[in-house]
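*Asks:* Pasting the sequence and the predicted model now:
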Amino acid sequence: MNKFFLNLGSQPLANNYLNKFNPKQIKYNLRLYFDTKTKLVSISKRIPSKKMFNNKYPYKSSMSKTMQKSFYNLSVEIKKKFNPNLLLEIGSNDGALIKNFDKNKVIGVEPCSNLAKITKKKGFKIYDEYWDFNLSKKIKKQFNKVDLIYSANTLTHISNLNDVFRSVKNLLSEDGVLIIEDPSLLECIKKSSYDQFYNEHIYVFSALSVRNLMNKFDFEIFDIKNLSTHGGSLRYYIKRKTNKKFKIKSSVKLQIKNEIKFKLNKIVAYNKFSVSAKKSKNELINIFNNLKSSNKKIIGYGATAKATTILNFCALDHDFIDYFVDTTPDKANKYMPGKKIKILKYNKKFLNNVDYIFLGAWNFQKEIFKKEKDFIKRGGKFITHVPIPRII
Ligand code: TMP
């Protein structure tokens, strides 16, 4: 049974950056639910994929050194541990992972054609289509079987998970491995990072829900790694139950145990999360009010989809935040979705005369602090809302 636990209000599409501010930009109600049977946490409103993932998708995985390094390290691990003849990535974005493999040993699936173009141009085999059963059949016809399927921060964007995994099962070789990587629900709960939810993130996975889901397809998780990326992610290593090549590691039991300790299998954890999200909202608004009453100049850093959720949930607009800076070319000179706050292409000069920086990309705090040593040296401060709203 699906139980409601949090209303994040009226929210625009999180990656819909407009050239011209439009107060009438379409918004959708963002309500969160917990399924007591499958343990899956999801949003209620399903937006057609074509509206979100098309030829204008602005997000590029290669925009941070942290993610580039994470993908590089994973590619080394994959080659060493699994040495696949053919790897398929679902949601290959701008090629941050596949660029680390031989062109004849990888296939990318990327429906956002502006991103697919980038890797196609470099000579990679890319299908600029949505991942579904028909595509898996098409790839199977051409390549027969794939022995490693990888997907990071993508499967949570696809409404029909049954189709996703049916298609994986169709294409993956008998002793093949599926690796998926997504924000961890446990970390999200612990950090009260309600901003992991936006219209694109239909699900935020826990090991509990992934285990149940895999069971349906006769798959099982044989290893789990906790990663620091995206505010805390889990990397699940999955195989067919009939595949005895890999032993199930203790990491799986440990993660499940931890999630049960935090009651992720019960609605109570989510009701508590709802209370802390509302408290976080009030505290963040207080910080902004206090700083603005003493005329401090505040800007945003990292025009993230997460920041869209925060700005719209907390009703923060240009009277609080002068502008955002971001390195992504496709976000430059556009407006934060739903808000009259302009995004400027990152340049150090935009940090001059700034007193406080709101960390839209709090998940890259380490990388950003390293980059902005001068700002910190001259007394500049950061505002974050995780794990609790505070000034750093
Ligand atoms: P994400 O949290 O959804 O991955 O988005 C991170 C955003 O932050 C992306 O638009 C790139 C931007 N960014 C910067 O502008 N400067 C930086 O130093 C880093 C790490 C990210």
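*Replies:* Noted; the coordinates are in hand.
*Asks:* what ranges do the strands span in the stretch 51-200 of the chain?
*Replies:* When assigned using DSSP state E, counting those that start in this stretch, the strands of the stretch 51-200 of the chain occupy the ranges 87-90, 106-109, 125-127, 146-152, 172-183.
*Asks:* out of the ones you listed, nearest to S61?
*Replies:* Set against S61 and scored by CB to CB, the strands of the stretch 51-200 of the chain come closest in strand 146-152, at 7.9 Å. Heads up, the C-betas are built off the backbone N, CA and C, glycines and all.
*Asks:* N85 contacts D147, doesn't it?
*Replies:* Yes - in this structure, N85 is within contact of D147 by CB atoms under 8 Å, at 5.8 Å.
*Asks:* higher neighbour count, the two?
*Replies:* The residue with more neighbours, out of N85 and D147, is D147; 18 against 12, by other CB atoms under 10 Å.
*Asks:* So for the nearest residue to F273 once chain neighbours are set aside, what's the pLDDT?
*Replies:* The shortest distance from F273 to any non-neighbouring residue, by CB to CB, 6 or more residues apart in numbering, is to I189 (5.2 Å). On pLDDT, I189 comes in at 98.
*Asks:* which residues touch I189?
*Replies:* Neighbouring residues of I189 by CB atoms under 8 Å, 6 or more residues apart in numbering: F262, L264, A269, Y270, F273.
*Asks:* separation between it and Q196?
*Replies:* I189 is 10 Å from Q196, where distance means CB to CB, to the nearest Å.
*Asks:* same thing with D317?
*Replies:* On the measure of CB to CB, D317 and Q196 end up 22 Å apart.
*Asks:* Which one's more surrounded, these two?
*Replies:* Each of D317 and Q196 has its neighbours counted (other CB under 10 Å); Q196 has more, 24 against 14.
*Asks:* Ignoring the adjacent residues along the chain, who's closest to the spatially most central residue of the chain?
*Replies:* For the chain, the residue sitting closest to the mean C-alpha position, by CA atoms, centre = their mean, is N153 at 4.8 Å. For N153, ignoring the flanking residues on the chain, the nearest one in space by CB to CB, 6+ apart is D182 at 5.9 Å.
*Asks:* doesn't A207 make contact with the one you found?
*Replies:* No - shown here, D182 and A207 do not form a contact pair, counting by CB under 8 Å, at 10.9 Å.
*Asks:* Quick check: neighbours shared by those two?
*Replies:* With CB under 8 Å, 6+ apart, D182 and A207 have common neighbours L234.
*Asks:* What are the neighbouring residues in contact with the residue nearest to the centre of the chain?
*Replies:* With CB under 8 Å, 6+ apart, N153 has these contacts: G91, E181, D182, P183, H230, S233.
*Asks:* Remind me what the helix or strand that contains N258 packs against, helices and strands.
*Replies:* Using DSSP states H and E, N258 maps to helix 250-261. Applying 3 or more CB pairs under 8 Å, 6 or more residues apart in numbering; DSSP states H and E, one finds that helix 250-261 contacts helix 185-190, helix 207-216, strand 219-227.
*Asks:* That one to strand 219-227, inter-axis angle?
*Replies:* Relative orientation of helix 250-261 versus strand 219-227 (axes from the mean of the first three to the mean of the last three CA atoms, to 10 degrees): 80 degrees.
*Asks:* and helix 250-261, what's its mean pLDDT?
*Replies:* 98.
*Asks:* Show residues contacting it.
*Replies:* Contact with helix 250-261 is made by 185-186, 206-208, 211, 221-226, 234, 265, as judged by CB under 8 Å, 6+ apart.
*Asks:* how about 6 Å then?
*Replies:* By CB atoms under 6 Å, 6 or more residues apart in numbering, the list of residues contacting helix 250-261 from outside reads L186, S206, A207, L208, I221, D223, I224.
*Asks:* With stretch 48-55 instead?
*Replies:* With CB under 6 Å, 6+ apart as the test, stretch 48-55 has contacts from L13, P111, C112, S113, N114, Y130, E200.
*Asks:* For those, give me a markdown table that also has pLDDT and neighbour count.
*Replies:* Listed next are the contacts of stretch 48-55 as a markdown table, based on pLDDT from 0 to 100; neighbours: other CB atoms under 10 Å:
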| residue | pLDDT | neighbour count |
| --- | --- | --- |
| L13 | 95 | 20 |
| P111 | 97 | 22 |
| C112 | 97 | 21 |
| S113 | 96 | 16 |
| N114 | 96 | 16 |
| Y130 | 97 | 16 |
| E200 | 90 | 21 |
